[in-house]
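Colleague: Pasting the sequence and the predicted coordinates here, then a few questions.
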Amino acid sequence: MIKKLLERFRRDRGIHKATVRIDFFPQDQVSPNILWHRSPDADPDTITLLTLIYARILYELAELNEVRVARELMDFVEQVSQKILAANGPPKRPRLPLGQLSFAQEAAVPAVRTYQAEFYQLHDGIFRLEFRGSLGKESFYLPAAFLMLLQSCLDSLGEEALLRLARVFGRLHAYYRYRRDFWEGGALSGGPTFALGNEELRQEEASPEA
């Protein structure tokens, strides 16, 4: 029985679209990279990928009893989204306040910490993310990893994709704000699915957070 389940899992892994690797080096140097394996149009896939990673990082923070940090990250990303959408004409590309962190140019030494995510699209169109990384001081490193990846995408996404990303983040925040369940396992799929779609929150769900 277990053997059959494992064989089915292997068959259903789907299309391996991308690998994300975020390396932290000494002297606060960070290298966020997306290696695309199969993507006919990287901008829409980048939006999906960022949404899944963002949801996973919020979940990981909550699992580590860092709900306050998760909420602070949500508040910050919400401000970034509003800045993007507030511009008249082309969307703004905010420069995030990243403190001492900077982008690594060439890594001459091994990374001291690494997060990696594998991005799949299943045959039924559903997306899946496998995420792993180092443990320790996650209240700093997990948000920092996402924000460095986000900054690199803010710099490279096309204008339409950037506007859509800001709207998707807004929808994800609305989903979590009303349902208050980003720490639940189901939110790892439910939140991004709602954010990337066109569904509206049902009236019974749309009651503001206490």
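Modeller: Arrived safely, thanks for sending.
Colleague: hang on, residue 132 in a strand?
Modeller: Yes: the assignment for residue 132 by DSSP: H, G, I helix; E, B strand; the rest coil puts it in a strand.
Colleague: Could you tell me how many residues sit around the nearest residue to it once chain neighbours are set aside?
Modeller: Closest residue to residue 132 apart from its sequence neighbours, by C-beta to C-beta, 6 or more residues apart in numbering: residue 116 at 5.8 Å. C-betas here are computed from N, CA, C, even on glycine. Using other C-beta atoms under 10 Å, the number of residues around residue 116 comes to 14.
Colleague: if we look at the helix or strand containing residue 116, which residues are touching it?
Modeller: According to DSSP states H and E, residue 116 maps onto strand 113-121. Outside strand 113-121, the residues that touch it by C-beta atoms under 8 Å, 6 or more residues apart in numbering are 13-24, 45, 49, 52-53, 56, 127-134, 141-142, 145.
Colleague: Quick check: bridge partners of the residue nearest to residue 132?
Modeller: Counting by DSSP bridges, residue 116 forms beta bridges with residue 21, residue 132.
Colleague: low-confidence ranges in the protein?
Modeller: Along the chain, the model assigns pLDDT under 70 to residues 1-13, 40, 180-183, 185, 201-210.
Colleague: just the helices in it please.
Modeller: For the chain, the helices defined by DSSP state H cover 2-11, 42-63, 67-86, 138-156, 159-179, 187-196.
Colleague: Tell me what residue 32 is bridged to.
Modeller: Residues in beta-bridge contact with residue 32 (DSSP bridges): residue 22.
Colleague: ok, it to residue 187 distance?
Modeller: Separation of residue 32 from residue 187 (C-beta to C-beta, to the nearest Å) stands at 24 Å.
Colleague: The closest residue to residue 171 other than its chain neighbours: neighbour count?
Modeller: Nearest in space to residue 171, with sequence neighbours left out and distances taken as C-beta to C-beta, 6+ apart, is residue 195 at 4.2 Å. If you count neighbours by other C-beta under 10 Å, residue 195 ends up with 24.
Colleague: before we move on, what about residue 146?
Modeller: 22.
Colleague: What sits closest to it if chain neighbours are left out?
Modeller: Excluding the flanking residues, the one nearest residue 146 by C-beta to C-beta, 6+ apart is residue 57, at 5.0 Å.
Colleague: Number of residues surrounding that neighbour?
Modeller: Using other C-beta under 10 Å: residue 57 sits among 25 other residues.
Colleague: same check, this time on residue 102
Modeller: By other C-beta under 10 Å, 12 other residues sit near residue 102.
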